[in-house]
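> sequence first, then the predicted structure, then my questions.
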Amino acid sequence: MNSENLQTKWGQFISLIIVFFFWGFVGSANDILIPVFKKVFTLSQVQSQLVAWAFYAAYFVGSLIFFLVSLKSDVLQKFGYKKTLSTGLIISAIGSFLFVPAATMESFPFFLTALFIVGLGFSIQQIVANPLAIKMGSPATGAHRLTLAGGVNSFGTTLGAILLAIALFGMGDNKKTNLSLEDIKLPFIILGLTFILVAVFMYFSKIEDPAKQEEAKIDDAPKNFRILDYPQLYLGMLGIFIYVGTEVTIISNLPALLHTKEFGGILEDAISPFIALYWGSLMIGRWNGGVNVFNTSNLVNTALKFIVPALAFGVIIGANVFAAHDVSAFYIYPFWILLFIAVSFIGGKNAGKTLMLFGISGLVMMIAGLICTNTEIAKFFFISGGLFLSIMWPSIFDLAIAGLGKNTGKASSFLIMMILGGGVIPLAQGAICDLDLTNPSGIFGISYTHFSYIVPLLGFAYLAFYGFYCPKILKRQGIYHLESEGTQH
């Protein structure tokens, strides 16, 4: 590493990234809960997607409340980063404990309320942890720290589905297929207690608040700031909305797809390996992007671009083997990983080019999954969407805030609110899936659940368009923005 990297407060940063792990862990755990709740409460597919809605709508509501409160008094300046972060963790702990009465009452709305409260806590943690990670050392290496944190987040998503499935269904010879809501209580009690322990740890940790003069001077921004004056911003807000929605909808509706006869009728207890592979695909991509953190020769960097994804894939396989899952079908997946690596080399560090190429690649994968008659292969085309989504967030974010100057802080708040897409777009795909209930013959020779993957297809199309068009907008403004070194949500 260069001298700038040595300024990073690694002890404090390692403490902080525990929070990033939790975001990922709970996010993928939702994908286990969706098919479970669908079966227990006899829900339609669109109703089951209310799980994603409750979680991601909480991000929007929490960010909006935080933004409005901060207009009157800067929360982070007044209470400090550690106290605010610990408060977010406690709120998430309360939401986790509410899973117990929700299970006792056998109430789906109560479960959604509990999940919403967990998400509210996460929104506060997001707002605090991202800028804090940036400021834990040299500003020049702030984005690199977020890239590493994003890799930890993805590690959490990969393990979350597997560990919750073990907690709910068991493993090996003790595995069960019939689930009682009572089984949900213990994992979420443990999760709530863990949130509290981390909150206490954070509160008493040596994490320091950044110097006040380093804070974004939002009050100094022009009073007549209008979103519509910046097409890169409002198109980028739509980009974040669609990006998060596409990322979530692919996996939220995958259990329903795999449950169909054409995809093998896979039951709830056998879903977690596929969920882990999807979120693991995002881990592969982000670990691959994290290679640029290290100051190495071109030859070593190129070698790492192949070695690191292989190690990440090994983590996915190893975790599934530990859980006694049969993953022999996964051994063809390196084909998609190699394709991803090839596209990443072509995109380089050019934000617009990278976003456009990954958008086109994801679009092609969705088309292939729709038209492939071999469903054993088709499901991997859909799952590979995670690879091509993995490093889109930094490209969209960097393009959206380019040229905003002192309005960057406000713009970032609006972009974070657009995580709401993770709750809205899965509902749209779920509604298409439910057409199978009234039209079992399907459409174009496939089920409506299979056809519903036209939703992420359209998402990738817009993201490719934004990657192509936004640099042209910036060029007209005299802005030449090439580097993309951000992180994931």
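Yes, it's here. Computed from a predicted structure; not experimentally measured.
> C-alpha only now, for contacts and for neighbours.
Noted.
> what ranges does the stretch 251-400 of the chain have for its helices?
For the stretch 251-400 of the chain, applying DSSP state H, counting those that start in this stretch gives helices covering 254-259, 272-290, 298-322, 334-347, 351-371, 375-383, 385-389, 392-401.
> I meant to write the stretch 1-150 of the chain there.
Secondary structure of the stretch 1-150 of the chain by DSSP H, counting those that start in this stretch: the helices cover 10-40, 45-48, 50-72, 75-79, 81-97, 99-105, 108-134, 142-169.
> so which of those is the most surrounded?
Comparing these by mean neighbour count (mean count of other Cα atoms under 10 Å), helix 142-169 comes out on top with a mean of 25.
> rewinding a little: which one, of the helices of the stretch 251-400 of the chain, ends up nearest to Leu233?
Nearest to Leu233 among the helices of the stretch 251-400 of the chain is helix 392-401; the distance by Cα to Cα comes to 4.5 Å.
> any buried residues in the very next helix or strand once past the closest one, and which?
Under the assignment DSSP states H and E, the closest C-terminal helix or strand after helix 392-401 is helix 408-417. Residues of helix 408-417 classed as buried by neighbour count (16 or more other Cα atoms under 10 Å): 408-417.
> what's the answer for stretch 307-321, then?
Quick answer for stretch 307-321 (16+ other Cα under 10 Å): 308-310, 312-313, 315-317, 319-320.
> so what's Leu267 closest to, chain neighbours aside?
Excluding the flanking residues, the one nearest Leu267 by Cα to Cα, 6 or more residues apart in numbering is His259, at 6.2 Å.
> low-confidence bits of the chain, can you list those?
Along the chain, segments meeting pLDDT under 70 span 1-11, 74, 76-77, 131, 134-147, 172-179, 207-224, 292-295, 409, 481-489.
> who touches the residue lying farthest from the centre of it in this structure?
Ranked by distance from the centre of the chain (Cα atoms, centre = their mean), the top residue is Ser441, with 34.1 Å. Under the criterion of Cα atoms under 8 Å, 6 or more residues apart in numbering, the contact list for Ser441 reads Ser447.
> what about it, helix or strand, and which?
Judged by DSSP H and E, Ser441 forms part of no helix or strand.
> against Leu267, how distant is it?
In this view, Ser441 and Leu267 are 22 Å apart by Cα to Cα, to the nearest Å.
> and Tyr333, by the same measure?
From Tyr333 to Leu267 the distance is 22 Å (Cα to Cα).
> please apply the same query to Gly362.
With distances taken as Cα to Cα, Gly362 is found 27 Å from Leu267.
> who's more crowded, the two?
Ranked by neighbour count (other Cα atoms under 10 Å), Gly362 and Leu267 place Gly362 first, with 29 against 15.
> was I right about that one contacting Phe388?
Yes. Between Gly362 and Phe388 there is a contact under Cα atoms under 8 Å: 5.8 Å.
> what do the two both touch?
In contact with both Gly362 and Phe388: no residue, using Cα under 8 Å, 6+ apart.
> which of the buried residues of helix 408-417 sit farthest apart?
Pairwise distances across those peak at 14.4 Å for Thr408 and Met417 (criterion: Cα to Cα).
> ok so, going back, Throw the helices of the stretch 251-400 of the chain into CSV and include distance to Thr87, thanks.
Listed next are the helices of the stretch 251-400 of the chain as CSV, based on distance: least, Cα to Cα, whole Å:
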stretch, distance to Thr87
helix 254-259, 34
helix 272-290, 28
helix 298-322, 32
helix 334-347, 39
helix 351-371, 35
helix 375-383, 35
helix 385-389, 31
helix 392-401, 26
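> minimum distance to Phe66: which of these has it?
Phe66 lies closest, by Cα to Cα, to one member of these: helix 392-401, at 19.9 Å.
> can I get the CA coordinates of the closest one in PDB?
Extracted in PDB, the C-alpha atoms of helix 392-401 (Å, rounded to 0.1, in the frame of the first residue of the first chain):
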ATOM      1  CA  MET A 392     -22.900  -0.800 -10.300                       C
ATOM      2  CA  TRP A 393     -23.600   1.200  -7.200                       C
ATOM      3  CA  PRO A 394     -20.300   3.200  -7.300                       C
ATOM      4  CA  SER A 395     -20.700   4.000 -11.000                       C
ATOM      5  CA  ILE A 396     -24.200   5.300 -10.600                       C
ATOM      6  CA  PHE A 397     -23.400   7.200  -7.400                       C
ATOM      7  CA  ASP A 398     -20.200   8.800  -8.900                       C
ATOM      8  CA  LEU A 399     -22.000   9.900 -12.100                       C
ATOM      9  CA  ALA A 400     -25.100  11.200 -10.200                       C
ATOM     10  CA  ILE A 401     -23.100  13.500  -7.900                       C
END
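> tell me what it is packed against?
Using 3 or more Cα pairs under 8 Å, 6 or more residues apart in numbering; DSSP states H and E, the elements in contact with helix 392-401 are helix 231-252, helix 351-371, helix 408-417, helix 454-476.
> adding distance to Val300 as columns, could you present those in TSV?
As requested, the helices and strands packed on helix 392-401 are arranged in TSV below (distance: least, Cα to Cα, whole Å):
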stretch	distance to Val300
helix 231-252	31
helix 351-371	22
helix 408-417	35
helix 454-476	29
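> which stretch among the ones you listed comes nearest Met392?
If we rank the helices and strands packed on helix 392-401 by Cα to Cα, the stretch that ends up nearest is helix 351-371, at 6.0 Å.
> residues of the closest one that come out buried?
For helix 351-371, the neighbour count (16+ other Cα under 10 Å) marks 351-370 as buried.
> helices or strands next to it in the packing?
On a contact count with 3+ Cα pairs under 8 Å, 6+ apart, helix 351-371 meets helix 334-347, helix 375-383, helix 385-389, helix 392-401, helix 454-476.
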